[in-house]
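A.B. asks: Just a sequence and a predicted model for now, questions to come.
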Amino acid sequence: TAATTTTTKLSNGSEFDVEGVLDDDGVEEAITRARRSVAQTLQRPDDFAKVDQLRLRALRKRVATEKRLKTIVQSHITDVYESFHLLQKSLEDLSVVQRHVDESEGLIKRCEQLQHHVGQAKVVNNSRNKLQSTMQQLEHICSLPEDVEEIEHMMAQTQPDLLHIHSKLMRAEKRKSDIYSKIQNAMRKSDQTEVDKYFLQLNEVVTQFEAQILFVGKKPLKLAVEDPTTLVNVLRIIMREEKLDEERVYSWSRKKNLKEKYFDTLERDIESTFECLLGGDVAVNDFLQNFDSFFFDDLRTAKERLMECFPPFIDIFSYYLIQYHNRLCECTEQLRSSSMEPAGIMSLLNWVHDYKSAMKKNLDVDVSSLEVQLLGVDEDDLKDEYINMLQDKIRLWISTIVKGDIKLWLNESQEEASPPSISSEDLYVTDTPVVLYTMIEQQLGVGFQRGGGGPFAAKIIKLCFDGLKQFQQDLKDGFSAVKRRFCEDNVFQPPQLVPHIIAAMNNCYRSVSTLEELKDTIVSHYDKHAPMAKAVSDTVGEIQEGYEVVMIEGLKLILALMESVIVPLFASLFTKKWMRSRNPIQRILMTLKDYFGDIIHLNPNNKDILFGAMYRKVAILYLEAMLSKRFKPKDDIDKETILENIHVEEQRIKDCFQEFSVIEDHMGKNPYKAFEFVCRLIEESEKTLKMTFYRARSDYPGLNFNHLECILYLRHNLSQSPRSYIKDNFFKKKRSKKEPNPPTREEIEEADYFVKVKTDCKEFPIFPEEDSDK
């Protein structure tokens, strides 16, 4: 029943009308919930034991509800109080506004009385303003000389305040502009002239200041490092003037174009720098050295320091980059047009590649993207020019080297002549191969440098190989010239001729192994199976074979030189004095040992061949001396003496060569075995003489009837003359079956021993069967 009432009694004893707080729907909802709660409780009788608890709970809820209601009511009461306060304040403001309105209406009524005086006030005010402006202009005009003098004084200072000076000049020019704008329409021509004269000093100061600005700022790179403040001030002044030119603030034509003039000054300064350091007739090395002294440092300064001083809309680094690069291209073209040595050309080509990579690395600039290219197509022209010059240089170098060697060979002065150096391998050597291959390696290095490679390197390789072939040909020509002079013309041989020829041969011998190293160096730059690698290997093989040919020519030359010296000594053999003396063979052996003293310093391959060839040559010369003299013994005693001398001298010659471990000739044969046949032909009886000759001829196909005739002269007991004996026994009689077959024509042509032995006899036919009547 309490839930159905609309009045609630609060805990403090006062009553509170619920309907005043809740609306009708809220009240009905609260009553419905209460009835539902009571009904649910009555449905569970066992819960009546908890009536006290429920009553206590309901009491707590009632207290909580009362608190909430009290809070709600209190908040509504506070809002009401604030609303009353605002209303009170609004009433006060309305009163103030009404008072001001009343005052304004009073002022308006008084102003209506002054309206007829407004026009007069405006006229008076305008007159006053004009008078004041005129006084100010007169004051400025009168003070202009003092301002100009002050500006000149400030400009004369050691470190003038450029911004302050420019501000004063701008104000002075503004006054000038104002004056001209005031009087230009009402001024006569004569007055115009006087006014211009009055401002002449100002114009001169302005011109001087412009010149000072351009002078101070003409080296911005230096200022950016040493005095960036001054540079910034100069640029601020230039930009101010540029803005004034664009805005046309002044009434007269005063466009100064200071920015354009400034950049013209920079361009002239850059041009002067390049002309001073890189222009004119300068060598390549000096050009590159001067280039390194400033170029990259300046551009780096422009990028790192100068861009901080210039305004952002001016790309000063690009300006300096283009100016420097274009000037560099001009100086390079000027250098290109001058005469350069091959080394200078390659230095320039390598520098171009270094320049491009350094620009990319240090400044992050791709030079190929610039409009003007360094050298451009001239780079290929330079390479071709280098190739042509190198070709001439290599020819000159090779010719000079060989001529220098030949000059040493032909030095006839005993005092000035000196033998070649002896290497650690006990070989005569000179520094010719060192000089030659150092030059070749340098040029090959040039070919594979940054400025070369590709077809350029291939051309240099070919030139170097052609130079080596020329060196071989010049050596052979030198050998031929020496042979003609000292062997054919019988000129006295210089004391160090043979040692130097041996040294030249040793140089060729060493060059064969050096070429292998050179080939490996070249091939390392190519793929293993590349055509160029194969071509290099083939060419090196040809040059190595060429050195072998040169060494053979050298062997022939030394053999010819020895022969030209000892041949006259063999003329003393098989004479009457020879029968009683051993001096002739002693002189021959001493001469041979003199040559042997030099030959032992020849490389092992050629030394064995030369010793064997000399061993054979001495035997042939001995036989030639024996057969050409037609020396006839008087009796058996002379005959025995001759045979004894032949045996003794043969043994002494053998012993002389055996001292140097030579026991056979270069063909692996004992050339002195022929001496046995000769002695047997001298000793044999006439009956067995024919058989002995044919047997000897079987071993030595070159032995002919002319040799036999000369040998028979050494017999004193022959029944008839040697020539008649040969005719009767060899040409008129048929050969028996027991006699060995004669050598064939091919065997005779291939023989190289007795065919070398010359005789003065009338020639017999080679084969008796060809012409028995002869």
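C.D. replies: Received, thanks. Worth saying up front: this structure is predicted, and the values here are computed from it rather than measured.

A.B. asks: Residue ranges in the stretch 651-774 of the chain under the pLDDT threshold?
C.D. replies: By pLDDT under 70, the weakly predicted segments of the stretch 651-774 of the chain are 735-737, 739, 749-752, 755-756, 758, 760-774.

A.B. asks: give me that answer again for 50
C.D. replies: For the stretch 651-774 of the chain, the stretches with pLDDT under 50 are 771-774.

A.B. asks: again, but for the chain
C.D. replies: Applying pLDDT under 50 to the chain picks out residues 1-6, 8-12, 14, 16, 18, 251, 771-774.

A.B. asks: what's the longest helix in it?
C.D. replies: helix 51-111 (DSSP state H).

A.B. asks: Go ahead and measure how far it is from the middle of the chain.
C.D. replies: Chain-centre distance of helix 51-111: 96 Å, with C-alpha atoms, centre = their mean, to the nearest Å.

A.B. asks: Which elements pack onto the next helix or strand along the chain from that helix?
C.D. replies: As assigned by DSSP states H and E, the chain's next helix or strand after helix 51-111 is helix 118-155. Secondary-structure packing of helix 118-155 (3 or more C-beta pairs under 8 Å, 6 or more residues apart in numbering; DSSP states H and E): helix 162-183, helix 200-216. Using the backbone N, CA and C atoms, a C-beta is placed for each residue, glycine as well.

A.B. asks: residues of the longest one that come out buried?
C.D. replies: In this case it means helix 162-183. Under the neighbour-count criterion of 16 or more other C-beta atoms under 10 Å, helix 162-183 has 162, 165-166, 168-170, 172-173, 175-176, 178-180 buried.

A.B. asks: any chance of the helices and strands packed on helix 118-155 in TSV, plus distance to residue 335?
C.D. replies: As requested, the helices and strands packed on helix 118-155 are exported to TSV (distance: least, C-beta to C-beta, whole Å):
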stretch	distance to residue 335
helix 162-183	40
helix 200-216	31
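
A.B. asks: Who are the packing partners of the longest helix of the chain?
C.D. replies: By 3+ C-beta pairs under 8 Å, 6+ apart, helix 51-111 packs against no helix or strand.

A.B. asks: That helix versus helix 118-155: what angle between them?
C.D. replies: 100 degrees (axes from the mean of the first three to the mean of the last three C-alpha atoms, to 10 degrees).

A.B. asks: Use 30 as the first number from now on
C.D. replies: New numbering, starting at 30: the last item is helix 80-140.

A.B. asks: one step back: nearest to residue 619 among the buried residues of helix 191-212?
C.D. replies: residue 191 (100.5 Å; C-beta to C-beta).

A.B. asks: For the buried residues of helix 191-212, could you give me TSV that also reports distance to residue 466?
C.D. replies: What follows is those, written out as TSV (distance: C-beta to C-beta, whole Å):
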residue	distance to residue 466
191	67
194	72
195	71
197	77
198	75
199	76
201	80
202	78
204	85
205	82
207	87
208	88
209	86
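
A.B. asks: Return the member of the residues you listed nearest to residue 703.
C.D. replies: residue 191 (112.0 Å).
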